[in-house]
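Peer 1: Give me coordinates for this.
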Amino acid sequence: QVQLVESGGGLVQAGGSLRVSCAASGLTFSRYVMGWFRQSPGEERESVAAIMWNGASTYYADSVNGRFTISRDNTKNTVYLQMNRLQPEDAAVYYCAAALNYSPTRGILAVSYWGQGTQVTISS
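Peer 2: Okay, the predicted model is just below:
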């Protein structure tokens, strides 16, 4: 059974930083593209970042490029999202995703597995 378990969400002031993590189990982690999506109330879920299985290529949405960094540790079956200079519009539930497809310009195209999500709240 595949499990993606996010952690590290919480409340942070605007301009601050936060790192969320996703620990994967039940799949061959190093074969999967990993990514982060987010969803705010009333909004569609959107792709934020993605990283190829070997970390050789990453994708970022324009809204987070230069502020967020995705990374992975295949020895720990974990993917991270470092979020800096957080703004109120970054507030959302952040979901970890695993996929077998990747586009350098669009990120993950179809998700194989989802995590349960972790809430990120920004105070202004």
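Peer 1: Check the secondary structure at the residue nearest the centre of the chain for me.
Peer 2: By C-alpha atoms, centre = their mean, the mean C-alpha position of the chain lies nearest to Trp36, the distance being 2.1 Å. Under DSSP: H, G, I helix; E, B strand; the rest coil, Trp36 falls in the strand class.
Peer 1: hang on, Gly115 packs against Val5?
Peer 2: Yes - contact criterion C-beta atoms under 8 Å: Gly115 and Val5 qualify, at 6.3 Å. Just so you know, the C-beta spots here come from the backbone N, C-alpha and C atoms, and that holds for glycine as well.
Peer 1: out of those two, which sits in the more crowded spot?
Peer 2: Gly115 (23 against 14; other C-beta atoms under 10 Å).
Peer 1: Run through the residues that contact that one.
Peer 2: 4-6, 22, 95-97 (C-beta atoms under 8 Å, 6 or more residues apart in numbering).
Peer 1: if you set the cut-off to 7 Å instead, what comes out?
Peer 2: Counting by C-beta atoms under 7 Å, 6 or more residues apart in numbering, Gly115 makes contact with 4-6, 22, 95-96.
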